[in-house]
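> Sequence isn't available, so here's the structure alone:
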């Protein structure tokens with residue numbers, strides 16, 4: 001059974017940093033792309049960052065470029081989202097997602113491409 005568990009969320013003041021982690025289980029013997037999404041109240045879920053299985057292809061949303069980075073450790077089945085210079089508008093529930101893929105260089109930004117989702121972790125940024 002596939003399970004994705006996020007951790008690292010919390011409350012921080014504007015300008016601060018947080019590091020989110022996602023531990024994946026049940027995805028053995030497969031290559032899978034990973035992504036981080038977020039959803040604020042009253043807004044649609046949006047892609048924050050995505051990374052291919054090999055780590056060679058990384059996609060970051062324009063509003064987060066230069067502030068957020070995504071990385072993965074396939075040996076540990078984990079993916080991380082480092083968030084710096086946080087702003088109040090970054091407040092949202094952040095979700096980890098996984099997509100089985102035959103390509104080790106594919107990184108997906110569409111939520112429909114992902115078949116597995118975590119429960120989410122709250123990030124609150126105060127001004």
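Here it is on my side, so go on. If you're wondering where the values come from, they're calculated on a predicted model, not measured in any experiment.

> which ones are touching the residue sitting nearest the centre point of the chain?
With distances taken as Cα atoms, centre = their mean, the chain has residue 36 as the residue nearest its mean C-alpha position (2.0 Å). By Cβ atoms under 8 Å, 6 or more residues apart in numbering, residue 36 lies in contact with 20, 22, 47-50, 70, 79, 81, 94-97. Placement of C-beta: from N, CA and C, glycine included.

> Check the burial of residue 126 by counting its neighbours.
11 (other Cβ atoms under 10 Å).

> Contacts only, for the nearest residue to it once chain neighbours are set aside.
Distances taken as Cβ to Cβ, 6 or more residues apart in numbering put residue 13 closest to residue 126, at 5.5 Å, once the chain neighbours are dropped. Counting by Cβ under 8 Å, 6+ apart, residue 13 makes contact with 125-127.

> Could you do residue 107 as well?
Residue 107 sits in contact with 33, 35, 50-52, 57-59, where contact means Cβ under 8 Å, 6+ apart.

> rerun at 6 Å
Residues counted as contacts of residue 107 (Cβ atoms under 6 Å, 6 or more residues apart in numbering) are 33, 50-52, 57, 59.

> Drop anything exposed from these.
Among the contacts of residue 107, those classed as buried by neighbour count (16 or more other Cβ atoms under 10 Å) are 33, 50-52, 57, 59.

> between these, which is nearest residue 116?
Comparing these against residue 116 with Cβ to Cβ places residue 33 closest, at 10.8 Å.
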